[in-house]
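In: okay, here's the prediction I keep looking at, along with the sequence it came from:
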Amino acid sequence: AQSVTQPDIHITVSEGASLELRCNYSYGATPYLFWYVQSPGQGLQLLLKYFSGDTLVQGIKGFEAEFKRSQSSFNLRKPSVHWSDAAEYFCAVGYNDMRFGAGTRLTVKP
Amino acid sequence: NAGVTQTPKFRVLKTGQSMTLLCAQDMNHEYMYWYRQDPGMGLRLIHYSVGEGTTAKGEVPDGYNVSRLKKQNFLLGLESAAPSQTSVYFCASTLDRAYEQYFGPGTRLTVT
(Lines give C-alpha, C1' and ligand atoms only; values in the text may rest on other atoms or scores of the structure.)
Protein backbone atom coordinates (compact mmCIF):
# COMPACT_ATOMS: atom_id res chain seq x y z
CA ALA A 1 0.00 0.00 0.00
CA GLN A 2 1.14 3.52 -0.75
CA SER A 3 2.01 5.57 2.31
CA VAL A 4 4.02 8.53 3.48
CA THR A 5 5.36 8.75 7.01
CA GLN A 6 6.62 11.84 8.77
CA PRO A 7 7.73 10.42 12.11
CA ASP A 8 8.01 13.75 13.93
CA ILE A 9 4.71 15.44 14.69
CA HIS A 10 6.31 18.48 16.31
CA ILE A 11 9.90 19.75 16.37
CA THR A 12 11.29 22.71 18.29
CA VAL A 13 14.63 24.22 17.33
CA SER A 14 16.46 27.37 18.34
CA GLU A 15 16.90 30.14 15.80
CA GLY A 16 20.18 29.63 13.98
CA ALA A 17 20.28 25.89 14.67
CA SER A 18 20.19 23.29 11.94
CA LEU A 19 17.04 21.41 11.02
CA GLU A 20 16.22 18.01 9.58
CA LEU A 21 12.67 16.84 8.93
CA ARG A 22 12.22 13.19 8.08
CA CYS A 23 10.06 11.60 5.40
CA ASN A 24 9.77 7.93 4.50
CA TYR A 25 7.52 6.51 1.85
CA SER A 26 6.20 3.24 0.55
CA TYR A 27 5.42 3.17 -3.15
CA GLY A 28 5.54 0.72 -6.07
CA ALA A 29 8.41 2.51 -7.78
CA THR A 30 10.30 5.75 -7.26
CA PRO A 31 7.60 8.39 -7.30
CA TYR A 32 7.84 12.11 -7.69
CA LEU A 33 8.76 13.62 -4.32
CA PHE A 34 7.87 17.03 -2.93
CA TRP A 35 8.13 19.12 0.21
CA TYR A 36 5.50 21.78 0.88
CA VAL A 37 5.19 24.34 3.67
CA GLN A 38 1.97 25.71 5.13
CA SER A 39 1.87 28.77 7.36
CA PRO A 40 -1.12 29.18 9.70
CA GLY A 41 -4.30 29.93 7.79
CA GLN A 42 -2.48 29.78 4.47
CA GLY A 43 -2.35 27.46 1.52
CA LEU A 44 0.60 25.24 0.68
CA GLN A 45 3.79 26.46 -0.97
CA LEU A 46 6.28 24.22 -2.74
CA LEU A 47 9.77 24.18 -1.19
CA LEU A 48 11.41 21.69 -3.55
CA LYS A 49 10.85 18.55 -5.61
CA TYR A 50 12.69 15.53 -6.95
CA PHE A 51 11.97 13.15 -9.78
CA SER A 52 15.35 12.23 -11.27
CA GLY A 53 19.00 13.17 -11.42
CA ASP A 54 21.09 14.51 -8.57
CA THR A 55 19.74 13.12 -5.32
CA LEU A 56 20.47 16.34 -3.42
CA VAL A 57 18.01 19.01 -4.46
CA GLN A 58 17.97 22.67 -3.56
CA GLY A 59 14.80 24.58 -2.88
CA ILE A 60 13.60 27.98 -1.89
CA LYS A 61 14.32 29.74 1.41
CA GLY A 62 17.63 27.88 1.85
CA PHE A 63 16.09 24.40 2.15
CA GLU A 64 17.53 21.26 0.61
CA ALA A 65 16.49 17.62 0.56
CA GLU A 66 18.26 14.36 -0.11
CA PHE A 67 16.65 11.38 -1.82
CA LYS A 68 17.90 8.01 -0.63
CA ARG A 69 16.44 5.20 -2.71
CA SER A 70 17.77 2.43 -0.46
CA GLN A 71 16.02 3.95 2.56
CA SER A 72 12.91 5.20 0.72
CA SER A 73 13.54 8.54 2.35
CA PHE A 74 13.43 12.17 1.31
CA ASN A 75 14.58 14.22 4.30
CA LEU A 76 14.41 18.00 4.35
CA ARG A 77 17.28 20.05 5.80
CA LYS A 78 18.22 23.63 6.51
CA PRO A 79 21.60 24.63 7.98
CA SER A 80 20.35 27.65 9.95
CA VAL A 81 16.71 28.13 10.88
CA HIS A 82 15.06 31.57 10.92
CA TRP A 83 12.08 32.54 13.07
CA SER A 84 10.02 32.92 9.88
CA ASP A 85 10.47 29.20 9.15
CA ALA A 86 7.94 28.33 11.87
CA ALA A 87 5.17 26.53 9.99
CA GLU A 88 3.90 23.06 9.14
CA TYR A 89 5.87 21.01 6.65
CA PHE A 90 4.44 18.28 4.46
CA CYS A 91 6.18 15.62 2.44
CA ALA A 92 4.24 14.41 -0.61
CA VAL A 93 4.81 11.55 -3.07
CA GLY A 94 2.98 10.26 -6.11
CA TYR A 95 2.49 10.02 -9.83
CA ASN A 96 -0.94 10.96 -11.12
CA ASP A 97 -2.24 10.83 -7.58
CA MET A 98 -0.52 12.37 -4.58
CA ARG A 99 -0.09 11.18 -1.02
CA PHE A 100 0.81 13.61 1.76
CA GLY A 101 2.36 12.85 5.10
CA ALA A 102 0.62 13.95 8.28
CA GLY A 103 2.95 16.90 8.60
CA THR A 104 5.61 18.14 11.01
CA ARG A 105 4.96 21.33 12.92
CA LEU A 106 8.10 23.41 13.41
CA THR A 107 8.45 25.81 16.32
CA VAL A 108 11.44 28.16 16.38
CA LYS A 109 12.74 29.40 19.75
CA PRO A 110 14.36 32.84 19.88
CA ASN B 1 -4.37 35.54 -13.21
CA ALA B 2 -6.59 34.53 -10.32
CA GLY B 3 -4.81 31.17 -9.99
CA VAL B 4 -6.95 28.59 -8.21
CA THR B 5 -10.20 29.79 -6.70
CA GLN B 6 -12.70 27.89 -4.54
CA THR B 7 -16.35 28.60 -3.92
CA PRO B 8 -17.68 28.89 -1.24
CA LYS B 9 -15.13 29.77 1.46
CA PHE B 10 -17.31 28.62 4.34
CA ARG B 11 -20.40 26.46 4.59
CA VAL B 12 -22.47 24.86 7.32
CA LEU B 13 -24.64 21.89 6.37
CA LYS B 14 -27.05 19.73 8.26
CA THR B 15 -26.62 15.97 8.14
CA GLY B 16 -28.17 14.59 4.97
CA GLN B 17 -28.00 17.80 2.96
CA SER B 18 -26.14 17.96 -0.31
CA MET B 19 -23.79 20.56 -1.74
CA THR B 20 -21.25 21.17 -4.48
CA LEU B 21 -17.86 22.80 -4.07
CA LEU B 22 -16.48 24.54 -7.13
CA CYS B 23 -12.81 24.78 -8.02
CA ALA B 24 -11.70 26.93 -10.92
CA GLN B 25 -8.23 27.51 -12.38
CA ASP B 26 -7.15 29.90 -15.12
CA MET B 27 -3.69 28.44 -15.78
CA ASN B 28 -4.74 25.87 -18.40
CA HIS B 29 -3.63 23.07 -16.10
CA GLU B 30 -4.36 19.46 -17.01
CA TYR B 31 -4.35 17.92 -13.55
CA MET B 32 -6.74 18.90 -10.77
CA TYR B 33 -7.15 17.49 -7.28
CA TRP B 34 -9.49 17.63 -4.31
CA TYR B 35 -8.06 17.12 -0.81
CA ARG B 36 -9.41 17.27 2.69
CA GLN B 37 -7.28 18.44 5.60
CA ASP B 38 -8.00 17.29 9.13
CA PRO B 39 -5.90 17.97 12.24
CA GLY B 40 -3.04 15.51 12.60
CA MET B 41 -3.79 13.80 9.29
CA GLY B 42 -2.24 16.06 6.70
CA LEU B 43 -3.94 16.30 3.32
CA ARG B 44 -5.78 13.28 2.01
CA LEU B 45 -6.62 12.95 -1.65
CA ILE B 46 -10.33 12.53 -2.36
CA HIS B 47 -10.50 12.48 -6.16
CA TYR B 48 -8.36 13.74 -8.97
CA SER B 49 -8.48 14.38 -12.71
CA VAL B 50 -5.73 14.06 -15.31
CA GLY B 51 -7.64 16.00 -17.95
CA GLU B 52 -11.00 17.27 -19.10
CA GLY B 53 -13.65 14.57 -18.89
CA THR B 54 -11.57 12.28 -16.65
CA THR B 55 -11.80 11.55 -12.94
CA ALA B 56 -10.21 8.99 -10.63
CA LYS B 57 -10.54 7.97 -7.01
CA GLY B 58 -7.97 8.97 -4.47
CA GLU B 59 -7.31 7.81 -0.95
CA VAL B 60 -10.68 8.72 0.65
CA PRO B 61 -13.34 8.87 -2.10
CA ASP B 62 -16.35 7.45 -0.23
CA GLY B 63 -19.24 9.89 0.15
CA TYR B 64 -17.93 12.23 -2.56
CA ASN B 65 -18.41 12.54 -6.31
CA VAL B 66 -16.62 14.76 -8.81
CA SER B 67 -16.95 16.02 -12.35
CA ARG B 68 -14.58 17.68 -14.80
CA LEU B 69 -16.78 18.75 -17.68
CA LYS B 70 -14.62 21.76 -18.48
CA LYS B 71 -10.84 21.83 -18.25
CA GLN B 72 -10.82 24.84 -15.96
CA ASN B 73 -13.40 23.54 -13.44
CA PHE B 74 -13.41 20.63 -11.02
CA LEU B 75 -16.55 20.10 -8.94
CA LEU B 76 -16.74 18.15 -5.70
CA GLY B 77 -20.18 16.94 -4.60
CA LEU B 78 -21.46 15.66 -1.31
CA GLU B 79 -24.76 13.86 -1.90
CA SER B 80 -25.69 13.27 1.73
CA ALA B 81 -23.42 15.11 4.13
CA ALA B 82 -22.26 13.43 7.34
CA PRO B 83 -20.53 14.94 10.41
CA SER B 84 -17.39 12.94 9.45
CA GLN B 85 -17.12 15.18 6.38
CA THR B 86 -16.49 18.24 8.52
CA SER B 87 -13.11 19.39 7.26
CA VAL B 88 -11.19 21.96 5.28
CA TYR B 89 -11.25 21.15 1.58
CA PHE B 90 -8.45 22.21 -0.74
CA CYS B 91 -8.42 22.14 -4.49
CA ALA B 92 -5.14 22.09 -6.41
CA SER B 93 -4.03 22.05 -10.02
CA THR B 94 -0.85 21.45 -11.95
CA LEU B 95 0.31 21.42 -15.54
CA ASP B 96 2.03 18.07 -15.12
CA ARG B 97 2.31 15.54 -12.31
CA ALA B 98 6.04 16.29 -11.94
CA TYR B 99 5.38 19.96 -11.38
CA GLU B 100 4.28 22.04 -8.42
CA GLN B 101 0.63 21.87 -7.42
CA TYR B 102 -1.04 25.23 -6.96
CA PHE B 103 -3.55 25.28 -4.14
CA GLY B 104 -6.74 27.21 -3.65
CA PRO B 105 -7.49 29.06 -0.40
CA GLY B 106 -9.66 26.26 0.99
CA THR B 107 -13.30 25.75 1.94
CA ARG B 108 -14.18 25.22 5.57
CA LEU B 109 -17.16 22.87 5.77
CA THR B 110 -19.02 22.04 8.97
CA VAL B 111 -21.68 19.33 9.03
CA THR B 112 -23.92 19.36 12.09
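Out: All right, it came through fine.
In: C-alpha from now on. contacts and neighbour counts both.
Out: Will do.
In: contacting residues for the residue of chain A found nearest chain B?
Out: Closest approach of chain A to chain B (Cα to the nearest Cα) occurs at A:Ala102, with a separation of 3.9 Å. Under the criterion of Cα atoms under 8 Å, 6 or more residues apart in numbering or on different chains, the contact partners of A:Ala102 comprise A:4-6, A:9, A:90, B:40-43.
In: let's see 6 Å
Out: Applying Cα atoms under 6 Å, 6 or more residues apart in numbering or on different chains, one finds that A:Ala102 lies in contact with B:40-42.
In: kindly report the same for B:Lys70.
Out: Neighbouring residues of B:Lys70 by Cα under 6 Å, 6+ apart: B:Glu52.
In: helix or strand: which one has it?
Out: Element membership for B:Lys70, per DSSP states H and E: none, as it lies in no helix or strand.
In: so how far is B:Glu79 from it?
Out: In this view, B:Lys70 and B:Glu79 are 21 Å apart by Cα to Cα, to the nearest Å.
In: could you do B:Thr112 as well?
Out: From B:Thr112 over to B:Glu79 the distance is 15 Å, taken as Cα to Cα.
In: what's the answer for A:Tyr25, then?
Out: When Cα to Cα is the yardstick, A:Tyr25 and B:Glu79 sit 33 Å from each other.
In: quick one: name the residues of chain B near chain A.
Out: Taking Cα under 6 Å from any Cα of the partner chain as the criterion, chain B approaches chain A at residues B:40-43, B:97, B:105.
In: quick check: bridge partners of the residue lying closest to the residue of chain A closest to chain B once chain neighbours are set aside?
Out: Leaving aside its chain neighbours, A:Ala102 sits nearest to B:Gly42 (3.9 Å; criterion: Cα to Cα, 6 or more residues apart in numbering or on different chains). Legend: beta-bridge partners of B:Gly42 under DSSP bridges are B:Asp38.
In: who's in contact with B:Gly42?
Out: A:101-103 are the contacts of B:Gly42 under Cα under 6 Å, 6+ apart.
In: surely A:Phe51 and A:Thr30 touch.
Out: No - shown here, A:Phe51 and A:Thr30 do not form a contact pair, counting by Cα atoms under 6 Å, at 8.0 Å.
In: quick one: list the elements packing against the helix or strand containing A:Tyr36.
Out: According to DSSP H and E, A:Tyr36 maps onto strand A:32-38. Other elements packing on strand A:32-38 under the criterion 3 or more Cα pairs under 6 Å, 6 or more residues apart in numbering or on different chains; DSSP states H and E are strand A:44-50, strand A:87-94.
In: now these as CSV including mean neighbour count?
Out: CSV is the format used below for the helices and strands packed on strand A:32-38 (neighbours: other Cα atoms under 10 Å in any protein chain shown):
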stretch, mean neighbour count
strand A:44-50, 21
strand A:87-94, 25
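In: redo the ones you listed as JSON lines? Include distance to chain B and mean pLDDT.
Out: As requested, the helices and strands packed on strand A:32-38 are arranged in JSON lines below (distance: least, Cα to the nearest Cα, whole Å; pLDDT from 0 to 100):
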{"stretch": "strand A:44-50", "distance to chain B": "6", "mean pLDDT": "94"}
{"stretch": "strand A:87-94", "distance to chain B": "7", "mean pLDDT": "96"}
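In: could you dump these to TSV with distance to B:Gly16?
Out: Shown next, in TSV, are the helices and strands packed on strand A:32-38 (distance: least, Cα to Cα, whole Å):
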stretch	distance to B:Gly16
strand A:44-50	31
strand A:87-94	33
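In: fine by me, we can end here.
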